[in-house]
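In: Task: produce atomic coordinates for the following.
(chains A, B, C and D)
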Number of protein chains: 2
Amino acid sequence: MLDHSILETLPRELQKEALESIRIMRFPPGKVLFQAGEHCQGLPLMLSGAVKVQMTGVSGNSIVLYRMGADDICTLSIGCLMTGYGYRAEAVVEEESEAAMVPRGLFDRLMDQSAAFRLGIMESYGRRLDDLMLLVEEVAFRRMDERLEEWLQARRSPIHITHQELAVELGTAREVVSRLLKELERKSRVRLARGKIELIGS
Amino acid sequence: MLDHSILETLPRELQKEALESIRIMRFPPGKVLFQAGEHCQGLPLMLSGAVKVQMTGVSGNSIVLYRMGADDICTLSIGCLMTGYGYRAEAVVEEESEAAMVPRGLFDRLMDQSAAFRLGIMESYGRRLDDLMLLVEEVAFRRMDERLEEWLQARRSPIHITHQELAVELGTAREVVSRLLKELERKSRVRLARGKIELIGS
DNA sequence: GAGATCAGTGTGACTTTATCACTGAACTGT
DNA sequence: ACAGTTCAGTGATAAAGTCACACTGATCTC
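Out: Below is the predicted model:
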């Protein structure tokens, strides 16, 4: 049940405590783990699945910041727990996910007593920082048509997504995505349908 | 010498080890602490001063990601040390700074034995994450004229900076800054001179 | 101190991206 | 089958980024 998890690496005694105080939860696709402004209810440690973290600006526009997968701990939640401020972003489940909800006390003890756990946390933080730095560069300097094409090429055709969702992925406006996609269709690089994009000859 | 530092909080024995293995270094403004691609030579723990961290995209454009001040540990360096990858960004001293260079071994022991140190690290990470998330939103969705005005209003007139440097602060092109500033001058909100911007009536 | 040099700035022309307003097409439920 | 809703397309306009080049003020050289 804790297979493939960072929790496996814990010393026996801690593992026992962990198994007792941790709640394992399942989340279906679409489930909102937390929203902007809410306060942290416990640290989700992902065991499987995929969750996207996105934020909405004052303008009302949204952008996907990064994704979490197995063995990631939600670094945003750590920050919320430590500072007591509310979340700045929201987390939405993309693929059926399992997560261990770690209470504050156990988290502190794990940090205190397990070097492996600490390493896992630091790695999660490092990845997040790296993801965000790359994103800043993308958004600030790269052309939208290139970013769109890369995004499309990184998936399997057909891709089921609306233009609006794709706009949030890239941090742009829906109209921009529509126009760029239409342009790609004119070049016969994609075939468009409502809520679906087929890649041609890649 | 370690006044105002997170290192003060350490238990006596660790503090002794810290004082022995840590090198305190002074850096003058303009000093480059590290550059993109380089490998980590030790964790800088800032004691005083200010350092900006900026990155350069493939396009050659640069953007300031965040700033470090007293009691910040360089989270980027932690990541580099853990993963062995080179830095993705560069760090430039803005104000005369002092930093304690913490070797890997001591860092691990501090993380292991001092809850206060761990908390400091987590807070540094939290701030970085928060800074970067806000930056993503700014860059993706906010108007450049607003961002420029805010940046200007946050300083004391006169501001000594070139348009190029200001462009890097905001992650845009020099020409854009020049034009927006000229527009502000036409509205009598600023007075421009070579390398200097005076704010009028604020 | 006259010219050469160079970093810093200004600006026109053009492209790309964002925003606004609206139309129409495709799906949903009853 | 119709009403309501979500999704997509597009023209007009504004903001921002890019490219090319001219100008200006500071510094250096002789």
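In: can you list contacts of stretch A:16-25?
Out: A:1-2, A:7, A:10, A:47, A:98-103, A:105-106, A:109-110 (CB atoms under 8 Å, 6 or more residues apart in numbering or on different chains). C-betas here are computed from N, CA, C, even on glycine.
In: ok, so of the residues you listed, who is nearest DNA strand C?
Out: For those, the minimum distance to DNA strand C (CB to the nearest atom of the strand) is 28.7 Å, reached by residue A:98.
In: Residue A:66 looks like it's in a strand, true?
Out: Yes - assigned with DSSP: H, G, I helix; E, B strand; the rest coil, residue A:66 falls within a strand.
In: in the sheet, who's paired with it?
Out: In this entry, residue A:66 is beta-bridged to residue A:53, by DSSP bridges.
In: For burial, what's the neighbour tally of it?
Out: 22 (other CB atoms under 10 Å in any protein chain shown).
In: That one contacts residue A:135, doesn't it?
Out: Yes - Residue A:66 lies in contact with residue A:135 (CB atoms under 8 Å); the separation is 7.4 Å.
In: Show me what the mean pLDDT comes to for stretch A:183-196.
Out: For stretch A:183-196, mean pLDDT rounds to 97.
In: Oops, could you answer that again for stretch A:57-72 instead?
Out: Regarding stretch A:57-72, the rounded mean pLDDT is 93.
In: Then stretch A:77-87?
Out: 91.
In: Which helix in chain A has the most residues?
Out: Criterion DSSP state H: the longest helix present in chain A is helix A:115-141.
In: Give me the buried positions along that one.
Out: If you call a residue buried by 16 or more other CB atoms under 10 Å in any protein chain shown, then helix A:115-141 has these buried ones: A:117-118, A:120-130, A:132-133, A:135-141.
In: Show me where chain A has its strands.
Out: Secondary structure of chain A (DSSP state E): strands located at A:23-27, A:32-34, A:43-56, A:62-68, A:90-102, A:159-160, A:190-193, A:196-199.
In: Give me the angle between the first one and strand A:90-102.
Out: Spelled out, that is strand A:23-27. Comparing the axes of strand A:23-27 and strand A:90-102 via axes from the mean of the first three to the mean of the last three CA atoms, to 10 degrees yields an angle of 150 degrees.
In: What strands flank strand A:23-27, and is each parallel or antiparallel?
Out: Here strand A:23-27 is paired, per DSSP bridges, with strand A:90-102 (antiparallel).
In: ok now the partner strand, how far from the chain's centre?
Out: Counting by CA atoms, centre = their mean, to the nearest Å, strand A:90-102 is centred 9 Å from the centre of its parent chain.
In: do that strand and DNA strand D meet at all?
Out: No - using CB under 7 Å from any atom of the strand, strand A:90-102 never reaches DNA strand D; the gap is at least 14.6 Å.
In: for that strand, what is the average pLDDT?
Out: Mean predicted confidence for strand A:90-102 is 95.
In: buried residues in it?
Out: Along strand A:90-102, these residues count as buried under the neighbour rule (16+ other CB under 10 Å): A:90, A:91, A:92, A:93, A:97, A:98, A:99, A:100, A:101, A:102.
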